[in-house]
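Visitor: requesting a structural model of the entry that follows:
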Amino acid sequence: MSIEKERSIHLESLVQRALKKDALAQRQLYEHLSGKMLAVCSRYAGSREAAKDVMHDAFIVLFEKLGHYSGTGSFEGWARRIFVNTALTHLRKADVLRFSEPVEQVRVQPLSFSELDQISAQHILQCIASMPAGFRAVFNLFAIEGYPHHEIAAMLHISESTSRSQYLRARAWLQQKIKELE
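Guide: Sure thing, here's the model as predicted:
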């Protein structure tokens, strides 16, 4: 049996046991997911402490909704959606997702490959983490999570054109930060 198949069976077993309120299984599920999900939360929260708060709240939601997992598809993918939605809920509560700039005022200048080669992935992630919260949310949802703008608009309670505008502004902001690193 392949290692991936064994991991999948182990994860399914953990989920089943966690559904029965098995504290050890819940702890193991937490340990299995926490590293990846902290990274997800960090991309939205902006600071490690805020990300830990979001992750904690998301685990509460995950354990409350565990019975809704159908068993089809990736459990981690299902869990990831909970963590993203919890992060967005935190941003909405902080009222940082209001946007106002029209698309026409945004100019994006593509970076050259040589400019990108000079910067580590860690620096790019740090730049993303320092983005204004509204930019960061839309950028993460579109560029990293792969959601289309109409879904982002529904998730953030904004218009589709606002989602597009914020993405363009986030790209321009990120490009400026990267140029400053040179």
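
Visitor: so how many other residues sit close to residue 135?
Guide: Neighbourhood size, residue 135 [other CB atoms under 10 Å]: 21. For the C-beta atoms, the positions are set from N, CA and C on the backbone; glycine is no exception.

Visitor: now do the SS call for it.
Guide: helix (DSSP: H, G, I helix; E, B strand; the rest coil).

Visitor: excluding sequence neighbours, find me the nearest residue to it.
Guide: Take residue 135 and drop its neighbours on the chain: the residue closest to it by CB to CB, 6 or more residues apart in numbering is residue 170, 3.7 Å away.

Visitor: quick one: pLDDT of that neighbour?
Guide: As predicted, residue 170 sits at a pLDDT of 91.

Visitor: likewise residue 50?
Guide: So, for residue 50, pLDDT stands at 91.

Visitor: that one and residue 155, how far apart?
Guide: Noted for residue 50: a distance of 19 Å to residue 155, by CB to CB, to the nearest Å.

Visitor: in terms of helices and strands, where is the residue nearest to residue 135?
Guide: Secondary structure assignment for residue 170, by DSSP states H and E: helix 160-181.

Visitor: and what of residue 24?
Guide: helix 23-45.

Visitor: same question, residue 158
Guide: Using DSSP H and E, no helix or strand contains residue 158.

Visitor: would you point out which residue is most central in this protein?
Guide: The centroid of the chain falls nearest to residue 40 when counting by CA atoms, centre = their mean (4.2 Å).

Visitor: from memory that residue sits against residue 86, does it?
Guide: No - if you go by CB atoms under 8 Å, residue 40 and residue 86 don't touch, sitting 9.7 Å apart.

Visitor: list residues touching both of those two?
Guide: When CB atoms under 8 Å, 6 or more residues apart in numbering defines a contact, no residue borders residue 40 and residue 86 alike.

Visitor: give me the number of residues near residue 137?
Guide: Neighbour tally, residue 137, other CB under 10 Å: 29.

Visitor: before we move on, what about the one 3 residues further on?
Guide: Here the neighbour count serves as a burial measure; for residue 140 (other CB under 10 Å) it reads 21.

Visitor: again with residue 143
Guide: 14.

Visitor: quick one: it and residue 167 touch, right?
Guide: Yes - at 7.4 Å, residue 143 and residue 167 qualify as touching, with contact defined as CB under 8 Å.

Visitor: lowest-confidence helix or strand of this structure?
Guide: For the chain, the helix or strand with the lowest mean confidence is helix 113-117, at a mean of 53 (criterion: mean pLDDT, DSSP states H and E).

Visitor: just the C-alphas of the helix or strand following that helix, formatted as PDB.
Guide: Downstream of helix 113-117, the first helix or strand assigned by DSSP H and E is helix 121-129. Output of helix 121-129 as PDB, limited to C-alpha atoms (Å, rounded to 0.1, in the frame of the first residue of the first chain):
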ATOM      1  CA  ALA A 121       9.600  33.300  -1.700                       C
ATOM      2  CA  GLN A 122       9.900  34.200   2.000                       C
ATOM      3  CA  HIS A 123      10.300  37.900   1.100                       C
ATOM      4  CA  ILE A 124       7.300  37.700  -1.200                       C
ATOM      5  CA  LEU A 125       5.200  36.100   1.600                       C
ATOM      6  CA  GLN A 126       6.300  38.800   4.000                       C
ATOM      7  CA  CYS A 127       5.200  41.500   1.400                       C
ATOM      8  CA  ILE A 128       1.900  39.800   1.100                       C
ATOM      9  CA  ALA A 129       1.500  39.600   4.900                       C
END
